[in-house]
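Asker: how would this look folded up:
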Amino acid sequence: MTTVLHVLSLFGALCMFLFGMALMSEGLQKSAGDRLRSFMASMTSNAFKRVLTGTVLTALVQSSSATTIMVVSFVNAGLLSLGNAVGVIMGANIGTTLTAWVTSLGFSVNIALFAVPMMAFGFLMFSSKKDMMKNLGQFLIGFSIMYVGLTFMKDFSNELLGAYQPQMLTFFGLINHYGFGSVLLFLLAGAVLTVVLQASSATMAITMLLATSGLIDFPLAIAMVLGENIGTTITANIAAMVANVSAKRAARAHLIFNVFGVLWVLALFYPIVRFIGYIMMTLGGVDPMSVDMVGANEASMRAQEALVSAQEAMKVATISGTGMSEAQAALSAAQADMSSAQHAFQVSKNAILYGIAALHTLFNVTNTLILIWFVPLIVKVVTWMVKEPKGEEEVFRLKYIAGGPLSTAELSLNEAQHEVVHFAEICNKGFGYIKAAVNEQDPEKFNAVNDKLVKYEEITDRIEFEIASYLNEVSKNDISDEASERVKAMYKIIGEMESLGDSGEAIGRILKRKNAHGKVFDKSLLDRLNRMLDVVQRGYDVMIENLRNGELKEISNAVNCEYNINECRNHLREEHITNIESDSYHYLTGVYYMDVVAELEKIGDFLINISEAAIVKNEK
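Answerer: Next up, the predicted model:
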C-alpha cells in the first residue's frame, strides 16, 4: 500500500511540475500578448535574427509549440517565408534548452524554500485588478508550483529508491549491458516517453531523476535526451496531420532538423560524451563519466549512520559523565565525514545534471550552426515531401487555427481573428462566382459556375463550424470579460458570413429555375444587375477592410455601402414596375430578375451586420 501511494505521489508531483510550467508559460504569454507577434515580424530580416527570434520567444514562453504555431500563422499570412520560418524553428530548439538548465537548477538547489513564499507574492499580484500584475502573478505562481513539484519528485523518488534500490539497480543493470544497443534502446525510450507525456520538459525531468539516482549512467541519460528531441517532433507532426500545407511543411522541417542532429551525434556518440566531460572539467567541475552516483549515495548514507551513532554515543557520555572527550572527538569526526560525503554527493549530482543540460545545449546550438547554411535545401525537401493540393481542395482549409488553441485566450483569439479575415476573403471569392453566374448565358458553362456556388455554400458551412468549434474550445478556459465579448462578436461575424454562402446558393437556384423555364436576361437587365453587383462588391471590399482594421472605431464606409445598396435596390424596383407596365419583358423573367435583386440586397444586410459586430468587438 505504501509503494502504491509513493508511485501515485510521484506521478502527482510530475503533474504538478507540468501544470506549474504551463501556468508560468501562460502568464508570460498573456503579459506579452501581441508584442510577441510584433517582435517576430520585426526580427526576421537575416539568419542570425531569425534564430535569435526563435530562441528568445521560446525561452520566454517555455513552449516551442507556441512559437511554431505563431511561425506557421505568419507563413500562411505571407508575412514570413518558409525559409525564414525554418530559421525561427531552429532558434526555438535552442530556446528549449533553457528548460534543461532550469530543471537541473531545481535538482541541485532547494529552490522550493523560496518558491513557497514566492507563491504568496504571486497570489497577491494575481488578485490585482490590473491585467499586467495579474499575469505576472500567474507567472510567479506557476514558477513556484513547478519547483515545488520538482522537489516532491525528488523526495518521492528517493523514497521508492530506498525501498526498492536493489531490484531497480538489477533491472536497469540488465539493460545497461548491451553497449551501443543500450544507447539506442534508451533513445527510443526517451522518444516514446515524450510522445506519451506530450511534454519534452517532463522527459528531461525524468531523465535527470534516473541519472542522479544512479539507475542509469551518463551516456544513457544523453541517449534519452536525444530521444526526447525526436519525440517532440513526432508530437508536432501528429498535430500537423490535420493541418494545412504550411503547418505540415514547418513540422517536417522541425523533424529534419532534429533527426539530422541525432544521427550525427550518434555517429560521434562516445567522442561527444568525452567532450562534454572535458567541458565540465575546464569549467571547474567533474567529468560526469567518472561519477558513481550509487557509490556516492551509499557513502552519504554510511556517513549519516555513523553520525547518528556518534550522536547517540554523545548522549550516553553526557548522561554518564564519562568518556566525554572521546565521544566529542568521534562526533566531530562523524560530522566532518558527513559534510565531506554530502559535498562529494552534491558535486557528483551537479556533474550529471549540468552535463545533461550542457549536452542538450551543445546539440541544438551545433545543429543550428551546421544546418543554418542549408535552409534553402531544407525548404526544397519539405516542399517535395508535402506538395500543394491540386485544384481548390485547399480553399476550405483553416490557415491559422488548424493546430488548435494556443495556451492563452489572447493569442488564440488573435489567430481566430486572422482566420475570420481569411473567411471573409473566401466569401468574396464566392461572390465572384455569383457575378459570373448572373452574366453567363451558356447553359453548360452556367452549370459549372453554379456547381461552384453550391461548393462555396458547403465551404462556408464547414469553415463556420470549425471556427465556432475553435472559439468554443477557447471559451472553456478562464477568459477575461473583454475576451468573452470578442468571442461573442466573432460568433456573430461567422454566422453572417455563412449566410453570405447561403445567398450565393439561393441566387444559383433562382438562375437555374430561370434557365429551366427558358427565360433569358437581356442586355438591359444584365446592365442593371451588374450595376447592383458592383455596389455590393464595394460592400465586400469595405467588410474585409474593416475586419483587417484592429482598431476599428467607426463604420461610416459600411453604412454608406448599405445605403447605396438599398438605394440601388429601390431604383431597380421602380424601374421594374415601369417596365412590367410597359410590357418590356416577360412577367416571369421580371420575377426572377427581382428575386436576384432581393437576394443581393440581403447580402448587403449581412455585410453591414459584420461591420457592426466588428466595431462592437473593438470597442470592448
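
Asker: against which helices or strands is the longest helix anywhere in the chain packed?
Answerer: Once the chain is assigned using DSSP state H, the helix that runs over the most residues is helix 324-371. Using 3 or more C-beta pairs under 8 Å, 6 or more residues apart in numbering; DSSP states H and E as the contact criterion, the elements in contact with helix 324-371 are helix 82-95, helix 97-108, helix 200-212, helix 218-240, helix 245-267, helix 269-282, helix 293-320. Any C-beta I mention is one placed from the backbone N, CA and C, and that applies to glycine too.

Asker: and Pro443, how far from Val449?
Answerer: Distance of Pro443 to Val449, computed by C-beta to C-beta, to the nearest Å: 11 Å.

Asker: ignore what I typed, I meant Thr366.
Answerer: 57 Å.

Asker: picking up where we left off before, so Pro443 and Val449 - more neighbours on which side?
Answerer: Relative neighbour count places Val449 above the other of Pro443 and Val449, with 20 against 10, counting by other C-beta atoms under 10 Å.

Asker: which helices and strands does the helix or strand the more buried one falls within pack with?
Answerer: Secondary structure assigned from DSSP states H and E places Val449 in helix 443-475. The elements that helix 443-475 packs onto, with contact taken as 3+ C-beta pairs under 8 Å, 6+ apart, are helix 409-439, helix 481-516.

Asker: make TSV out of the ones you listed and add mean neighbour count.
Answerer: Supplementary listing: those in TSV, determined by neighbours: other C-beta atoms under 10 Å:
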stretch	mean neighbour count
helix 409-439	21
helix 481-516	19
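
Asker: redo those as CSV? Include mean pLDDT and distance to Ser300.
Answerer: CSV is the format used below for the helices and strands packed on helix 443-475 (pLDDT from 0 to 100; distance: least, C-beta to C-beta, whole Å):
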stretch, mean pLDDT, distance to Ser300
helix 409-439, 85, 47
helix 481-516, 89, 52
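
Asker: domains in the chain, by residue range?
Answerer: With domains defined by automatic domain parsing, the chain comprises 2-168+187-291+371-382, 293-370, 409-619.

Asker: could you tell me the least trusted of the ones you listed?
Answerer: Between the domains of the chain, the lowest average pLDDT goes to domain 2-168+187-291+371-382, which shows a mean of 75.

Asker: ok now that one, how far from the chain's centre?
Answerer: Shown here is domain 2-168+187-291+371-382, whose average C-alpha point lies 13 Å from the average C-alpha point of the whole chain (C-alpha atoms, centre = their mean, to the nearest Å).

Asker: how about stretch 567-585?
Answerer: Centre-to-centre, stretch 567-585 and its host chain are 57 Å apart (C-alpha atoms, centre = their mean).

Asker: shift numbering so it begins at 27
Answerer: Fine by me, first position is 27 from now on; the one you just mentioned is stretch 593-611.

Asker: who touches it?
Answerer: Outside stretch 593-611, the residues within contact range by C-beta atoms under 8 Å, 6 or more residues apart in numbering are 548, 550-551, 554, 557-558, 561, 613, 616, 619-620, 623-624, 626-627, 630.

Asker: can you give me the distance of Thr220 to Met230?
Answerer: Applying C-beta to C-beta, one obtains 9 Å for the distance of Thr220 from Met230.

Asker: what of Glu638?
Answerer: Computed as C-beta to C-beta, the Glu638 to Met230 distance reads 50 Å.

Asker: so between those two, which is more surrounded?
Answerer: Set Glu638 next to Met230 and count neighbours by other C-beta under 10 Å: Met230 wins out with 26 against 19.

Asker: which ones are touching that one?
Answerer: With contact taken as C-beta under 8 Å, 6+ apart, Met230 is in contact with 125-126, 129, 251, 254, 382, 386.

Asker: same list (the residues you listed) but as TSV, adding neighbour count and distance to Ala85.
Answerer: Below are the contacts of Met230 laid out as TSV (neighbours: other C-beta atoms under 10 Å; distance: C-beta to C-beta, whole Å):
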residue	neighbour count	distance to Ala85
Thr125	23	9
Ala126	26	12
Thr129	25	14
Val251	26	18
Glu254	29	17
Ile382	27	18
His386	27	13
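
Asker: out of those, who's nearest Ile493?
Answerer: Each of those was checked against Ile493 using C-beta to C-beta; the closest is Thr125, at 32.7 Å.

Asker: excluding chain neighbours, what is closest to the closest one?
Answerer: Ser227 (4.8 Å; C-beta to C-beta, 6 or more residues apart in numbering).

Asker: tally of neighbours for the one you found?
Answerer: Residues within reach of Ser227, counting by other C-beta under 10 Å, total 24.

Asker: just Leu241 next, same as before
Answerer: Residues near Leu241, counting by other C-beta under 10 Å, number 21.

Asker: state the phi and psi torsions of it.
Answerer: Comment: the main-chain dihedrals of Leu241 come out as phi -80, psi -30, following degrees, to the nearest 10.

Asker: where do the strands sit along the stretch 27-176 of the chain?
Answerer: With DSSP state E, counting those that start in this stretch as the criterion, the stretch 27-176 of the chain has no strands.

Asker: could you pull out the helices for it?
Answerer: In order along the chain, the stretch 27-176 of the chain carries the following helices (DSSP state H, counting those that start in this stretch): 28-58, 60-68, 73-87, 90-103, 108-121, 123-134, 138-152, 157-201.

Asker: gap between Phe147 and Thr177?
Answerer: The separation that Phe147 has from Thr177, given C-beta to C-beta, amounts to 19 Å.

Asker: also Ala584?
Answerer: According to C-beta to C-beta, Ala584 and Thr177 sit 58 Å apart.

Asker: ditto for Glu607
Answerer: Distance of Glu607 to Thr177, computed by C-beta to C-beta: 90 Å.

Asker: settle it for me: which of those two has more neighbours?
Answerer: For Glu607 versus Thr177, neighbours defined as other C-beta under 10 Å are more numerous around Thr177 (21 against 8).

Asker: for that one, give its distance to Glu451.
Answerer: Separation of Thr177 from Glu451 (C-beta to C-beta) stands at 52 Å.

Asker: how about residues contacting stretch 520-539?
Answerer: For stretch 520-539, contacts defined as C-beta under 8 Å, 6+ apart pick out 446, 449-450, 453, 456-457, 459-460, 463-464, 472, 475-476, 479-480, 482-487, 489-490, 493-494, 618, 621-622, 625-626, 628-629, 632-633, 635-636, 639.

Asker: filter the residues you listed down to the buried ones, PyMOL style.
Answerer: The following PyMOL selection, which keeps only the buried ones among these, applies the criterion 16 or more other C-beta atoms under 10 Å:
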select buried, resi 446+449+450+453+456+457+459+460+463+464+472+475+476+479+482+483+485+486+489+490+493+494+618+621+622+625+626+628+629+632+633+635+636+639
